[in-house]
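Peer 1: Predicted structure and sequence below. I'll ask about it afterward.
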Amino acid sequence: MKSIRNHLLNRLLIGIAVIWTLAGVGLYFFLEHNLNARTDAELQSLLPASRFLTARSLALRPLAAPPAIRGVVLESFESPQGSLYFQLFDSDLRSMARSQSLGSNNLLNAVTPQGRHTAMNLRLATGERVRVMVARAPDPFRGAMRGERPPGLHQDEAILGRAAWVAIGKNLGEQNQTLRLLLGGLTIAGLLMMGTAAFVVRMNLQAGLKPLDAVTKQAASMDAYTLQTRFSIEGLPSELQPIVQHLNELVSRLERSFEREKRFSADLAHELRTPVAELRLMAESAVKWPGQVPVDVFQDLLSIAQRMEQTVDSLLLLARLEKDASELQLTAVDLRDLTSECWNPFSTCAQQRDLKLQTSTHTETQVETDARLLRRILSNLFDNAVEYAPAGSVVRCEIGLVEETGVLWALSNEAPQLQGVDLDRMFDRLWRHDVSRSSDSRSGLGLSIARACAEALGLQLSASWSSDGWLRLELRHPGA
Amino acid sequence: MRILLVEDSPRLRKMLTAALKSSGYAVDTAETGDEGLWMAQTHPYDALILDIMLPGLDGLNLLGRLRQSGRDTPALFLTAKDAVQDRVTGLRKGADDYLTKPFALEELLARVEALCRRKYPQAKSILRAGDLELDPGSKAVSRGGVPIQLAAREFALLEHLLLRKGRVVSRTEIEEHIYDQLASPMSNVVDSAICALRRLLAVRPDAPPVIQTRRGLGYIIEDPKG
């Protein structure tokens, strides 16, 4: 399982390691460069002493030692363990002279005809690393080579006329030791820092992620019975607040959904328990008192069976509509004709209750739709209006599309028995305004079926209060 | 025993009334909670059978208000609401029993019988007066070992008198507990029933009368002296 804590820790440690490595490498090369520059400057300062070194190495007439090469420096050239090297080459790159410290090694590889004072690193045959600077032999040597004998120059020195290149080197053992120490120090310090960083970062992450742990713990303890609880946003880091806010919204939606399902289960139980109780009581009474079976018992049995059948049929229809709305049979439908057709079965009942239907028609009444589903919607809405509108009142019907609002069809009537909260629940399955569910003639599924039909047609069926306090049921195109 | 049944389902109300009457109870019915409350407050019922989901005042509030008014008539909720919370709420509102729909008729009758017994704590399982025995459970009556067949109403009358053994029971009280609202207070239905009951209880020509008349007061059943 992916862990944010481990992920962050790994990323941070990798980041620290990369930064440390880059810094270490930079420091290493910076130091190496500076050390090389210092060595180069040292070698540069030794170049003028090349004539003196040549005379000494070839046992020629001794010259006065320049100040830069006295003492320890001179010993470094002349001791076999010395760390300074000198070698003289003629124009054919043949070695003419070398310091004792060089032994059998050769600085030839450093001699290139690229110019003066070229410095480079060499690995000697003995494996030692050496910094070498090569320069043209000093003028007195070249003057001798051309046969111009400088005044006072010894005859033996004429052989030096062939000298063309001088190479002066320095063993890099000490410098490399310094660099190795630096590298070791950097590595140890890096490892120590990584360990410390891992510990500190882990502690900080733990502290930083504590609110997330608390949210996780609370979420784990929630179940269907504790959906009324909400996550506390107070004191949470700002990064977590939107997540927890969304979680709270999700829990609210879940709670509403659970409540709806619970209500549906309770309503369904009541819808079926009462007729089942009636059937059972009827049968047990007939068994217990066979001589006292009432004459209308079979009529009652039939009524019970019809009521249960109606409930089951409506629920199955609803399930079918919710499951598969793809089998639509689209035809051209005139809303005026369909409204009139759907109203007809209710006109007698409306007359008995002295209800009047007022219709207003907009220009666009032709629609391409499934007439069966639309007929079911309109019939259910008329059925409700005729049942619940106060006697002697008016039922208003608006037919045809209104472009600005997207309303296709609307029905309004007075509904004094309904309350504001009922609008939210009236489309729930098995919802009835009468909580006692006494009436046999209504199942509480009509509006649910109407809404499911509307959704199958890609329409929206909604209820609202109009400005004059009437209940208004609208069938509209969504998003208009 | 007189029972008030408050149930909004017409069919269930009708069938329950018939079943209870067949078991010897006098039954009054109400369709709404408000009507049921009024009846329960104005009549001395031995037990109440209440639905919870009623039009108007619901069963829980009906019982709550009845208890607040000081009436402790034993009550049974007969409802489709079967959740534990519903049962707990019902019992806490003052119900003595709770039964969910659908139910077994025998169970309902047994529970109603138990409720009625609560009103008469002295009642035993078998009621006796001399050689007369009445078993409320099996609805059997015998005298000196001779079984006696009684109609439901006569059984209820004898049971009512036996439950008040040693006390004079007035005609009004008998009317209130044995007969429902439909019986006319001016009729001599009680005297006729007592007369019929005495005839049935005289299993032998020499058997002493069980039910005595106290003129101007009512009727009494007593254990024979000596």
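Peer 2: Arrived safely, thanks for sending.
Peer 1: just the strands in chain B please.
Peer 2: B:2-6, B:26-30, B:47-50, B:75-79, B:97-100, B:127-129, B:132-135, B:140-143, B:146-148, B:211-214, B:218-221 (DSSP state E).
Peer 1: could you redo those strands as JSON lines and give each row mean neighbour count and distance to chain A?
Peer 2: For glycine as for every other residue, the C-beta is placed from the backbone atoms N, C-alpha and C. Converted to JSON lines, these look like this (neighbours: other Cβ atoms under 10 Å in any protein chain shown; distance: least, Cβ to the nearest Cβ, whole Å):
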{"stretch": "strand B:2-6", "mean neighbour count": "25", "distance to chain A": "11"}
{"stretch": "strand B:26-30", "mean neighbour count": "22", "distance to chain A": "13"}
{"stretch": "strand B:47-50", "mean neighbour count": "28", "distance to chain A": "12"}
{"stretch": "strand B:75-79", "mean neighbour count": "25", "distance to chain A": "9"}
{"stretch": "strand B:97-100", "mean neighbour count": "19", "distance to chain A": "7"}
{"stretch": "strand B:127-129", "mean neighbour count": "17", "distance to chain A": "23"}
{"stretch": "strand B:132-135", "mean neighbour count": "19", "distance to chain A": "17"}
{"stretch": "strand B:140-143", "mean neighbour count": "18", "distance to chain A": "16"}
{"stretch": "strand B:146-148", "mean neighbour count": "13", "distance to chain A": "19"}
{"stretch": "strand B:211-214", "mean neighbour count": "14", "distance to chain A": "27"}
{"stretch": "strand B:218-221", "mean neighbour count": "21", "distance to chain A": "28"}
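Peer 1: what packs against the lowest-mean-pLDDT helix or strand in chain B?
Peer 2: Scoring the helices and strands of chain B by mean pLDDT, DSSP states H and E places helix B:171-178 at the bottom, with a mean of 82. When contacts are defined as 3 or more Cβ pairs under 8 Å, 6 or more residues apart in numbering or on different chains; DSSP states H and E, helix B:171-178 packs onto strand B:2-6, helix B:152-163, helix B:189-201, strand B:218-221.
Peer 1: Tell me what angle that helix forms with strand B:2-6.
Peer 2: Calculated by axes from the mean of the first three to the mean of the last three Cα atoms, to 10 degrees, helix B:171-178 forms an angle of 40 degrees with strand B:2-6.
Peer 1: how far out from the middle of the chain is helix B:171-178?
Peer 2: 11 Å (Cα atoms, centre = their mean, to the nearest Å).
Peer 1: If you count neighbours, what's buried in it?
Peer 2: Applying a neighbour-count criterion of 16 or more other Cβ atoms under 10 Å in any protein chain shown, one finds B:171, B:173, B:174, B:175, B:176, B:177, B:178 buried in helix B:171-178.
Peer 1: likewise stretch B:59-67?
Peer 2: In stretch B:59-67, counting by 16+ other Cβ under 10 Å, buried: B:59, B:60, B:61, B:62, B:63, B:64, B:65, B:66.
Peer 1: Just the pLDDT at residue 144, thanks.
Peer 2: Assuming you mean chain A. As predicted, residue A:144 sits at a pLDDT of 45.
Peer 1: that's the wrong chain, I wanted chain B
Peer 2: Taking residue B:144 on its own, its pLDDT is 87.
Peer 1: State the distance from it to chain A.
Peer 2: Taking Cβ to the nearest Cβ, to the nearest Å as the measure, residue B:144 falls 29 Å from chain A.
Peer 1: what's near enough to touch that residue?
Peer 2: Going by Cβ atoms under 8 Å, 6 or more residues apart in numbering or on different chains, residue B:144 touches B:131, B:203, B:204, B:207.
Peer 1: now the helices for the stretch 1-150 of chain A?
Peer 2: For the stretch 1-150 of chain A, helices defined by DSSP state H, counting those that start in this stretch occupy the ranges A:4-46, A:50-57, A:72-78, A:139-145.
Peer 1: Mind giving me the packing neighbours of the second one?
Peer 2: Put plainly, it is helix A:50-57. Looks like helix A:50-57 contacts strand A:84-90, strand A:95-98, helix A:139-145, strand A:163-171 (3+ Cβ pairs under 8 Å, 6+ apart).
Peer 1: Would you convert those into TSV that also reports distance to chain B and mean neighbour count?
Peer 2: Output for these, formatted as TSV (distance: least, Cβ to the nearest Cβ, whole Å; neighbours: other Cβ atoms under 10 Å in any protein chain shown):
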stretch	distance to chain B	mean neighbour count
strand A:84-90	100	25
strand A:95-98	107	20
helix A:139-145	115	17
strand A:163-171	94	25
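Peer 1: Could you identify which of the ones you listed has the lowest mean pLDDT?
Peer 2: Looking at those, the bottom one is helix A:139-145 with a mean of 50.
Peer 1: Residue numbers of chain B in contact with chain A?
Peer 2: Neighbours of chain A within chain B, by Cβ under 8 Å from any Cβ of the partner chain: B:8-9, B:11-12, B:15-16, B:18-19, B:22, B:51, B:53-55, B:58, B:80-83, B:100-106.
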